[in-house]
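1. need a 3D model of the following:
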Amino acid sequence: MYCIHCGKQINEGSRFCTFCGQPQGVNINEGPEYNKSNQQEQQSQQTQQSQQYQQSTQNYGAAPGAEQANYQGGVRYNGAYQLEHPYRRFGGWVLFFAVLWIIGGIISIFGIIASFSSFSFIGDALGLFGGPSIAMIFFEILAVAGGVLGAVCGIGMFYKLYKKDIGFLRFYELMTVISIGLSVLQSIVMVTMMGGLIEFLNPIPSIFGGIIVSIIIFVLMLYYFTHSVHVRTYFRSGAYINNTLFVKNITLPTPAIPDDQN
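-> Here you go, the predicted model:
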């Protein structure tokens, strides 16, 4: 015979299990047939309870007070509560890049302040010390514009990612394109200001190197946002790719869990 509690084999007619110590609820004279039927009934009850629990977890949680935990579709259910999938939260690489953007935006703000407080900028703007240099003033204006753009992009990207704004990717594309355009203009003005020194100092490799690095970072960020399961799950929709400039035809990955599930 088998213990009706732990299921281990014990001597026929035993009143108590020699393994778990639980009473078997049978009389020593009742024989193996009674024990067998009682064991089948116990197993049937356990199977029924298991099925009821699985059915309840499919409806987002088990019966109140249940201590079992179940994982379904990547989401952990505990008792009557459904815990949020980690990809639904503002965390991981999404938070990491958002923090980098907000830091970059703050640095850009300090750069703007430094540009306005620069004595050379004020002197050129007011025509002091031998008159203004048009090229220098234009260069400083472009530098300030680049700082403003950096601040707007950094703060804007953090806000849009935090609020799950589906327009974040198009916003990032526009800011990056404008930023690269300003860098090209600054490079042209710099070459113009250098005049005869251009052959001696030769800044062109460093200028184009900076632009190429910006483009590479831009491409890598687009790749991440369009191929990350975390991003797709976080936004609960693939609508953020619809109005983009460069990646609207890319197929997004399947989310970790359905969009209507937490």
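2. so for the closest residue to Asp259 other than its chain neighbours, what's the pLDDT?
-> If the residues on either side of it in the chain are set aside, Asp259 comes closest to Arg236, at 4.6 Å by Cβ to Cβ, 6 or more residues apart in numbering. The way it works is simple: take the backbone N, C-alpha and C, and place the C-beta from them, glycine included. Arg236 carries a pLDDT value of 92.
3. and Arg236, what is it in contact with?
-> The contact partners of Arg236, by Cβ atoms under 8 Å, 6 or more residues apart in numbering, come to 88, 164, 255, 259-260.
4. among these, which pair sits farthest apart?
-> Using Cβ to Cβ, these span at most 15.0 Å, a distance reached by Lys164 and Asp260.
5. okay, helices next: where are they in the stretch 51-200 of the chain?
-> Ranges of helices in the stretch 51-200 of the chain, per DSSP state H, counting those that start in this stretch, are 92-117, 119-126, 134-162, 168-194, 198-201.
6. before we move on, the earlier item: using the three-state scheme, assign the residue nearest to Asp259.
-> Here Arg236 is coil, with the state taken from DSSP: H, G, I helix; E, B strand; the rest coil.
7. phi, psi of it?
-> Dihedral pair for Arg236: phi 60, psi 10, per degrees, to the nearest 10.
8. what do you get for Phe16?
-> Backbone torsions for Phe16, taken as degrees, to the nearest 10, come to phi -130, psi 150.
9. coming back round to it: measure the residue nearest to Asp259 to Gln22 for me?
-> The spacing between Arg236 and Gln22, counted by Cβ to Cβ, to the nearest Å, is 49 Å.
10. check Val148 too.
-> 76 Å.
11. those two: who's more crowded?
-> More crowded of Val148 and Gln22, by other Cβ atoms under 10 Å: Val148, with 16 against 12.
12. wait, that one touches Gly111, no?
-> No - between Val148 and Gly111 no contact is recorded; they are 9.5 Å apart, counting by Cβ atoms under 8 Å.
13. skip the chain neighbours and tell me the closest residue to Ser237.
-> In space, and not counting its chain neighbours, Ser237 is closest to Asp259: 6.1 Å by Cβ to Cβ, 6+ apart.
14. and what of Leu142?
-> Gln186 (4.8 Å).
15. residue contacts, the one you found?
-> By Cβ under 8 Å, 6+ apart, the contact list for Gln186 reads 139, 142-143, 146.
16. okay, now the domains of this structure?
-> Domain ranges of the chain: 1-83, 87-241, per automatic domain parsing.
17. least confident of those domains, on average?
-> In terms of average pLDDT, domain 1-83 trails the rest of the domains of the chain, at a mean of 59.
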